[in-house]
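# What follows is a predicted structure for the sequence shown.
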Amino acid sequence: MIRNPRTNAALNPRINSAINPHINSALNPRVNSKINPRLNSQLNPRLNSVINPRLNSSINPSLNSAINPRLNSALNPRLNSAVNPALNPNYRGPYVYDLNLDLQGFLVEANADFSNIFNSEGVWEGFAVMNNSEGMTIFDVEKNWRSYLVPDGQGGFLRFEIDGSWSGIVV
């Protein structure tokens with residue numbers, strides 16, 4: 001069953017203040033420099049080649065077919081019903097929500113350090129690379145840095161745009 005923050009108060013940052021970065025400053029990159037990629041070079045793919053797919057072939061889907069859902073059917077929800085939430089009611093996510101708690105998509109893990117991101121229709125939109133803080137750095141399919149995920153301390157993530165604005169959750 002889908003992990004839904006609208007029906008599960010523990011996943012809802014409007015109800016659970018522990019996962020709301022406006023209330024919990026430890027989760028707010030504008031306040032906590034340790035989780036801010038503009039201030040922490042280890043989290044910034046422009047400064048850390050380990051988390052930059054343009055510089056690290058192991059996390060570049062164009063160069064590593066094992067993580068590319070266009071080349072690896074096991075990772076493609078259009079070809080593998082086991083990783084398609086529309087066809088597999090037992091798929092556990094993680095799921096991507098915006099700040100209105102509307103479902104935007106889901107992740108399919110390729111390995112412990114890499115997940116592909118699909119929209120609600122199963123279209124590949126990008127990927128997430130694990131970074132040193134156990135958060136994730138988000139890239140579009142063209143390998144452009146788009147956003148990042150900060151662990152919420154309760155098994156999910158808060159999504160922030162590069163400028164530090166909070167844009168959603170991943171649970």
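Perfect, I can see it now.
# ok, Val50 touching Asn56?
Yes - using C-beta atoms under 8 Å as the test, Val50 is close enough to Asn56 to be in contact (6.0 Å). Yep, even glycine has a C-beta here, placed from its N, CA and C like the rest.
# pLDDT weak spots in the chain?
1 (pLDDT under 70).
# Show me the strands in it, by range?
95-98, 103-111, 114-119, 124-130, 136-140, 145-151, 157-161, 166-170 (DSSP state E).
# List the contacts of the nearest residue to Asn68 once chain neighbours are set aside.
Distances taken as C-beta to C-beta, 6 or more residues apart in numbering place Pro61 nearest to Asn68, at 3.9 Å, with adjacent residues excluded. With contact taken as C-beta atoms under 8 Å, 6 or more residues apart in numbering, Pro61 is in contact with Pro53, Ile67, Asn68, Pro69, Arg70, Asn116, Phe127, Val141.
# that older thread, just put the strands of the chain in a markdown table and tack on distance to Leu27.
Converted to a markdown table, these look like this (distance: least, C-beta to C-beta, whole Å):
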| stretch | distance to Leu27 |
| --- | --- |
| strand 95-98 | 16 |
| strand 103-111 | 20 |
| strand 114-119 | 20 |
| strand 124-130 | 18 |
| strand 136-140 | 14 |
| strand 145-151 | 6 |
| strand 157-161 | 6 |
| strand 166-170 | 9 |
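# Show me the one of those strands that comes nearest Ser33.
strand 145-151 (12.5 Å; C-beta to C-beta).
# quick one: contacts of the closest one?
21, 27, 29, 35, 37, 43, 45-46, 126, 128, 131, 133-140, 157-162, 167, 170.
# rerun at 6 Å
Contacts to strand 145-151, defined as C-beta atoms under 6 Å, 6 or more residues apart in numbering, come from residues 27, 35, 37, 45, 134-140, 157-161, 170.
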